[in-house]
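In: sequence? don't have it. structure:
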Ligand SMILES: CCCCC/C=C\C/C=C\C/C=C/C(=O)SCCNC(=O)CCNC(=O)[C@H](O)C(C)(C)COP(=O)(O)OP(=O)(O)OC[C@H]1O[C@@H](n2cnc3c(N)ncnc32)[C@H](O)[C@@H]1OP(=O)(O)O
């Protein structure tokens, strides 16, 4: 039984809706990652499901990204386990044979943006409070190569380089202009817009669409698959550095003080 991920049958045949519900901010904790992987595996094996709309149960925060508390003050074995789970989620999402449509109904930084970038299409609610992007450099860390590759595959090299160096979080109109999202709609129309685009994608025969998706994505997937263990070791080495730990602690404190 999953607590942090809700899967519902969609209103249209063949469509499931996967909702994030990990309060307070839908951070990708280890438990959340594991529940997501299990939910995605079940959906992948369900022949009746052809498409999945991915969204947050409560509007406001789509996903707050990776859980910073999983990357601060822990031991190397924990960092390795956590990173393997992050890799696994990305591999499941990016290689999914289903049509994935992200209905972005809230803040979507870093790991949240990455999850949405694995989808085939992104619709974002037109709310200026919501932003999306790979903001790692603002935290004093760097987006790993496969985060970078996923962004490059979406927006192209120049736009990705600029967004990554600056760690830009784009509001909806800017995100559309750069191409991080494909469509921006009034908030109350988000779910219907996602279902409408899903219907267009499902009009294509599955086998042709799936083979095309694999052809487009395989080179990027292979890069990680062939060096998964080395990527884990790089992550553990980097995240364990005192300077990185200090940067993450400072960022977390700033988030906590924001309220005070
Ligand atoms: C191969 C080798 C390469 C190695 C490179 C090394 C490192 C790179 C590794 C990983 C890449 C990292 C990816 C990430 O995803 S990092 C996370 C990025 N996320 C963010 O920057 C978002 C931060 N959060 C926010 O901006 C806001 O919280 C929000 C999501 C916009 C919501 O705002 P709101 O005002 O509604 O809530 P609060 O800010 O008050 O937060 C409430 C509560 O939640 C805590 N929290 C927020 N975000 C996170 C998070 N990502 N992880 C853990 N906890 C989080 C926040 O601190 C508050 O806690 P409190 O205790 O005060 O209640």
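Out: Cool, the structure landed. Every value quoted in this text rests on a predicted model; they were computed, and no experiment measured them.

In: the helix or strand hosting residue 53 and the ligand, are they touching?
Out: Under the criterion of DSSP states H and E, residue 53 resides in strand 51-56. No. Counting by C-beta under 6 Å from any ligand atom, the ligand is not contacted by strand 51-56; separation bottoms out at 10.8 Å. Placement of C-beta: from N, CA and C, glycine included.

In: pLDDT of that strand, averaged?
Out: The average pLDDT within strand 51-56 is 98.

In: gap between that strand and the chain center?
Out: Centre-to-centre, strand 51-56 and its host chain are 12 Å apart (C-alpha atoms, centre = their mean, to the nearest Å).

In: other residues contacting the helix or strand that that strand is followed by?
Out: Counting by DSSP H and E, the element after strand 51-56 in chain order, helix or strand, is strand 60-61. Strand 60-61 has contacts (C-beta atoms under 8 Å, 6 or more residues apart in numbering) with 25-26, 105-107.

In: farthest pair within those?
Out: Largest separation among the contacts of strand 60-61 by C-beta to C-beta: 25 and 105, giving 13.6 Å.

In: for the two, indicate the residue with more neighbours.
Out: residue 105 (25 against 17; other C-beta atoms under 10 Å).

In: skip the chain neighbours and tell me the closest residue to the more buried one.
Out: residue 59 (4.3 Å; C-beta to C-beta, 6 or more residues apart in numbering).

In: hmm, back to that, the contacts of strand 60-61: which ones sit near the ligand?
Out: 25, 107.

In: ok, the contacts of strand 60-61 vs residue 182, which is closest?
Out: residue 105 (15.2 Å).

In: any idea how far the ligand is from the closest one?
Out: Relative to the ligand, residue 105 is positioned 13 Å away (C-beta to the nearest ligand atom, to the nearest Å).

In: got the contact list for that residue?
Out: Contacts of residue 105 (C-beta under 8 Å, 6+ apart): 55-56, 59-60, 62, 125, 130, 187, 190.

In: let's have those residues in TSV, adding neighbour count.
Out: Formatted as TSV, the contacts of residue 105 follow (neighbours: other C-beta atoms under 10 Å):
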residue	neighbour count
55	23
56	22
59	16
60	14
62	27
125	24
130	24
187	15
190	23
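
In: once you drop chain neighbours, what's closest to residue 145?
Out: Closest to residue 145 by C-beta to C-beta, 6+ apart is residue 223, at 7.1 Å.

In: next one: residue 92
Out: residue 40 is the one closest to residue 92 (C-beta to C-beta, 6+ apart), at 4.6 Å.

In: whatever helix or strand the one you found lives in close to the ligand?
Out: Here residue 40 sits within helix 30-45, counting by DSSP H and E. No. Residues of helix 30-45 are not located near the ligand by C-beta under 6 Å from any ligand atom, the shortest gap being 10.6 Å.

In: out of the contacts of residue 105, which comes closest to residue 231?
Out: Residue 231 lies nearest to residue 62 out of the contacts of residue 105, by C-beta to C-beta, at 25.1 Å.

In: which ones are touching that closest one?
Out: Contacts of residue 62 (C-beta under 8 Å, 6+ apart): 20, 26, 55-56, 102, 104-108, 112, 116, 130.

In: if I look at it, how far off is the ligand?
Out: 9 Å.
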